[in-house]
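*Asks:* This is a predicted model, with the sequence first.
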Amino acid sequence: MKMPSGLSVLEEFRKSQELFDPGLFVVALAASLIAAFVASSLYRVFYENRGTGSHVHKAFPLLGISITALFVAIQVSIPLSLGLLGALSIIRFRTPIKEPEEVGFIMLVIAGSVCAATFHFDFLVILYVVAVVALLLVRWARARRWMPCDGVLIVSVRDDKAANLPALLASALGGRVRRWSLESSASRDGLTRIQMVFSGLRTNVTDLQNAIKGEVQAVSVDVFLERPGGLR
């Protein structure tokens, strides 16, 4: 295998310098940084108060400019790009992804950074406009209850109270949830346990539990929300 001479390496370096435009590089970094801050703001507005994620949005600005710099360097020099890819292959991310939305936002930042690095700023604007529209549609669909289940409710009562349980539950849940339906019922050791799913929670969980205990005289009331952070 023929090793590159010192002269050829020097020529390659000079070609890279000729192709490199510091002004465009700064513009690309600025566009990527602005896009990363927008992605971070979108994450906070749409998901931060509804989950228990790893606060990955705090890394978006550095992630965006880093990816942009890497892709600009790859475009300037092919030998340099091979070295960069080899160096990046040793990187491992140890922070767990706790929410599925985090993957989508990370990919949004990466795509925006690549658009900035290739100087397709029109693509970058279109990408973020479509992303905002998609997030608004998801919020609208959730508000319209097209994503119906808010959580699971398990109520335990003594067997002698089970006969009037449906009517008592309807009274306790009325005005506190929009919809509910019975999923299963079981009786053991003198206790009847029913499991329900509900949607459209209109109060906080503590008030819901107290109302059910007061109306039904339940032994226990367990509420399992579909998403962490949904106590309201």
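*Replies:* In hand now; what should we look at?

*Asks:* show me the contacts for the closest residue in space to Thr203 that isn't next to it in sequence.
*Replies:* Using C-beta to C-beta, 6 or more residues apart in numbering and skipping the chain neighbours, the partner closest in space to Thr203 is Arg176 (4.9 Å). In short, each C-beta sits where N, CA and C put it, glycine included. Listed by C-beta atoms under 8 Å, 6 or more residues apart in numbering, the contact set of Arg176 reads Leu201, Arg202, Thr203, Asp207, Leu208, Ala211.

*Asks:* Contact partners for the fourth one?
*Replies:* By C-beta under 8 Å, 6+ apart, Asp207 lies in contact with Arg176.

*Asks:* Quick check: the gap between it and Leu168.
*Replies:* 17 Å (C-beta to C-beta, to the nearest Å).

*Asks:* swap in the third one?
*Replies:* Note on Thr203: its distance to Leu168, by C-beta to C-beta, is 18 Å.

*Asks:* Neighbour count: those two, which is higher?
*Replies:* Leu168 (20 against 13; other C-beta atoms under 10 Å).

*Asks:* if I look at the more buried one, how far off is Ala186?
*Replies:* For Leu168, the distance to Ala186 (C-beta to C-beta) stands at 18 Å.

*Asks:* three-state assignment of the most centrally placed residue in the chain?
*Replies:* Centroid-nearest residue in the chain, with C-alpha atoms, centre = their mean: Glu101, separated by 1.8 Å. With DSSP: H, G, I helix; E, B strand; the rest coil as the basis, the three-state label of Glu101 is helix.

*Asks:* tally of neighbours for the closest residue in space to it that isn't next to it in sequence?
*Replies:* In this structure, Glu101 finds its nearest non-sequential neighbour in Tyr47, 5.0 Å apart by C-beta to C-beta, 6+ apart. Using other C-beta under 10 Å, Tyr47 has 21 neighbouring residues.

*Asks:* Ok, Leu42 next?
*Replies:* Using other C-beta under 10 Å, Leu42 has 19 neighbouring residues.

*Asks:* which strands and helices sit next to the helix or strand containing it?
*Replies:* Taking DSSP states H and E as the definition, Leu42 sits inside helix 22-46. In terms of contacts (3 or more C-beta pairs under 8 Å, 6 or more residues apart in numbering; DSSP states H and E), helix 22-46 is packed against helix 60-76, helix 100-117, helix 121-143.

*Asks:* Got the confidence number for Thr192?
*Replies:* At Thr192, the model reports a pLDDT of 88.

*Asks:* do the same with Ala162
*Replies:* Reported pLDDT for Ala162: 79.

*Asks:* Backbone dihedrals for it, please?
*Replies:* Here is the backbone geometry of Ala162 (degrees, to the nearest 10): phi -70, psi -20.

*Asks:* Domain map for the protein?
*Replies:* Using automatic domain parsing, the domain parsing of the chain gives 6-143, 151-225.

*Asks:* Please tabulate the contacts of Arg176 in JSON lines, including the columns distance to Ala59 and pLDDT.
*Replies:* As requested, the contacts of Arg176 are arranged in JSON lines below (distance: C-beta to C-beta, whole Å; pLDDT from 0 to 100):
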{"residue": "Leu201", "distance to Ala59": "32", "pLDDT": "77"}
{"residue": "Arg202", "distance to Ala59": "36", "pLDDT": "78"}
{"residue": "Thr203", "distance to Ala59": "36", "pLDDT": "79"}
{"residue": "Asp207", "distance to Ala59": "38", "pLDDT": "83"}
{"residue": "Leu208", "distance to Ala59": "37", "pLDDT": "82"}
{"residue": "Ala211", "distance to Ala59": "42", "pLDDT": "84"}
